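Visitor: one predicted model, sequence on top.
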Amino acid sequence: GRTRRMTDLVILSDDGPVRTVRMNRPEKKNALTLPMYDAMAAGIESAARNPALRCLLVAGQPDGFCAGNDIGDFLQMAMGTGALGAPILRFLYALARCELPLVAAVQGNAVGIGTTMLMHCDHIVAADNARFSTPFVGLGLVPEAASSLIAPRLMGQARAFSLLVMGRRLDAPAAKTAGLINTVVAADAVDAEAMKAAREIAALPPQGVLASRR
């Protein structure tokens, strides 16, 4: 595989028809900074322009998928400089508009955007230690990434309310039952299982995938 670093905190690697976008800030449990949002968005946007790529794989680290927004960046945004939110919007639009199938590999905690970004993915492989939570309302915030629209469709009103409004956490089996994720495997098998699914998708006729996914 060929690896390019846009920033050390997000590693993009292309392996045949699959691009992996890996959040790489383990010391902060992959809390996302604004440059990380920009790097992830760029990785998704440029993949769409590369005809050799057929599938995207979003991954984190063994000790955590994503802890949500970096609180330092978030406080700066709250202080009133609205333009700071642009990288987050760029990432969310890149996700929502992405025409390539999206696979996710989740280990450990997926918090806030770590969970809501998954609602835009097509196939999610999670470790048996994965935990999903969206503590927005308790922080005086509202859920982002169109999750208040998508979650009730995915998992029904009652489960969506519990997750998004009450902030109750889902473990991996509950997330699978709710329809948020596809597969639960042992933690050390997550990356391989997700790559296997990504290759399976990449091997399908691309126009059929595109039309059916739309």
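Guide: Sure, I can see it.

Visitor: model confidence score at A211, please.
Guide: According to the predicted model, the pLDDT of A211 comes to 87.

Visitor: next, the buried residues of the helix or strand hosting it.
Guide: Element membership of A211 [criterion: DSSP states H and E] is helix 206-213. Taking 16 or more other Cβ atoms under 10 Å as the basis for neighbour counts, the residues of helix 206-213 that come out buried are 206, 209. From N, CA and C alone the C-beta is placed, and that goes for glycine too.

Visitor: around the nearest residue to V184 once chain neighbours are set aside, how many other residues sit close by?
Guide: Leaving out its chain neighbours, the residue that sits closest to V184 by Cβ to Cβ, 6 or more residues apart in numbering is A172, at 4.6 Å. Neighbour count of A172, defined by other Cβ atoms under 10 Å: 21.

Visitor: quick check on A172: phi, psi?
Guide: Main-chain torsions, A172, degrees, to the nearest 10: phi -60, psi -50.

Visitor: export only the CA atoms of the longest helix anywhere in the chain, formatted as PDB.
Guide: Scanning the chain for the longest helix, with DSSP state H as the assignment, gives helix 34-48. As requested, the backbone C-alpha atoms of helix 34-48 are provided in PDB (Å, rounded to 0.1, in the frame of the first residue of the first chain):
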ATOM      1  CA  LEU A  34     -10.200  21.500  13.000                       C
ATOM      2  CA  PRO A  35      -7.100  20.500  11.000                       C
ATOM      3  CA  MET A  36      -8.100  16.800  11.400                       C
ATOM      4  CA  TYR A  37     -11.600  17.600  10.100                       C
ATOM      5  CA  ASP A  38     -10.000  19.300   7.100                       C
ATOM      6  CA  ALA A  39      -7.600  16.400   6.500                       C
ATOM      7  CA  MET A  40     -10.500  13.900   6.700                       C
ATOM      8  CA  ALA A  41     -12.600  15.900   4.300                       C
ATOM      9  CA  ALA A  42      -9.800  16.300   1.800                       C
ATOM     10  CA  GLY A  43      -9.200  12.500   1.900                       C
ATOM     11  CA  ILE A  44     -12.900  11.800   1.100                       C
ATOM     12  CA  GLU A  45     -13.200  14.600  -1.500                       C
ATOM     13  CA  SER A  46     -10.000  13.500  -3.400                       C
ATOM     14  CA  ALA A  47     -11.000   9.800  -3.300                       C
ATOM     15  CA  ALA A  48     -14.100  10.700  -5.300                       C
END
